[in-house]
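*Asks:* Return atomic coordinates for the entry below.
(2 chains)
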Amino acid sequence: DAGVTQSPTHLIKTRGQQVTLRCSPISGHKSVSWYQQVLGQGPQFIFQYYEKEERGRGNFPDRFSARQFPNYSSELNVNALLLGDSALYLCASSLQGGGSEKLFFGSGTQLSVL
Amino acid sequence: QKEVEQNSGPLSVPEGAIASLNCTYSDRGSQSFFWYRQYSGKSPELIMFIYSNGDKEDGRFTAQLNKASQYVSLLIRDSQPSDSATYLCAVRRSSYKLIFGSGTRLLVRP
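*Replies:* The predicted structure follows:
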């Protein structure tokens, strides 16, 4: 079975541009979460979606948005990119997003903002 | 005070030794506790999870949880050079959000 898949793997953008990152969860998983990992830090929570509804949002500006589709895949959008948005963006899936569930990560999208 | 704290390391141990990685958390309402391993340039990989006080063993790995002391640890027995990585402690207090520490870098010397 395929794990969590993310695309693209690498992306280079310039300040002010917009970017869309994509994620497909593990088959059977209905919850998708997005995390940002800056070099040398642990992942930081951005969003969680379950059954196309936003279940939680981290401390990120409104430039960050996401959505989940009927097939449970998800997109993360970042507008008006800043240099500080350069990071590894991780998508994770779980069955229903419950408190005791294990979270499985994709290989990530490395975003560089120049 | 950070919500999840880990010593950044590096923790250096010889091959075959026991590596002990520690993590403290600030929110007593935390419910679930996870250890992820992350190799350089790769994504985090789940290696252990624990929900109740005490020890949980899986192969060479043992997770220990003490909720009264708000302390989680990971022991790696018979450490191998392939165990060299950054180990991330993660804590879940609500249903949707994992809070990660900054990770401890482990170096296993051949």
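*Asks:* Give me every residue in chain B lying close to chain A.
*Replies:* Residues of chain B lying close to chain A by CB under 8 Å from any CB of the partner chain are B:4, B:31-32, B:34, B:36, B:42-46, B:49, B:51, B:88, B:90, B:92, B:94-103. C-betas here are computed from N, CA, C, even on glycine.
*Asks:* List only buried entries from the residues you listed.
*Replies:* Judged by neighbour count, with 16 or more other CB atoms under 10 Å in any protein chain shown as the criterion, the buried members of the residues of chain B next to chain A are B:4, B:32, B:34, B:36, B:43-44, B:46, B:49, B:88, B:90, B:92, B:95-103.
*Asks:* Read off the pLDDT value for the closest residue to residue A:35 other than its chain neighbours.
*Replies:* Leaving aside its sequence neighbours, residue A:35 sits nearest to residue A:43 (CB to CB, 6 or more residues apart in numbering or on different chains; 3.7 Å). On pLDDT, residue A:43 comes in at 97.
*Asks:* what's the straight distance from one end of stretch A:13-28 to the other?
*Replies:* Separation of the first and last residues of stretch A:13-28 by CA to CA, to the nearest Å is 33 Å.
*Asks:* anything in it near chain B?
*Replies:* No. Remark: stretch A:13-28 sits outside contact range of chain B, by CB under 8 Å from any CB, the gap being at least 11.8 Å.
*Asks:* Can you name the residue of chain B nearest chain A?
*Replies:* The minimum distance from chain B to chain A, using CB to the nearest CB, falls at residue B:100 (3.1 Å).
*Asks:* SS state for the residue nearest to that residue when sequence neighbours are not counted?
*Replies:* Closest residue to residue B:100 apart from its sequence neighbours, by CB to CB, 6+ apart: residue A:42 at 3.1 Å. With DSSP: H, G, I helix; E, B strand; the rest coil as the basis, residue A:42 sits in coil.
*Asks:* ok, residue A:42 - how many residues close by?
*Replies:* Neighbours of residue A:42 under the rule other CB atoms under 10 Å in any protein chain shown: 23.
*Asks:* Surely it and residue B:91 touch.
*Replies:* No. Between residue A:42 and residue B:91 there is no contact under CB atoms under 8 Å: 10.7 Å.
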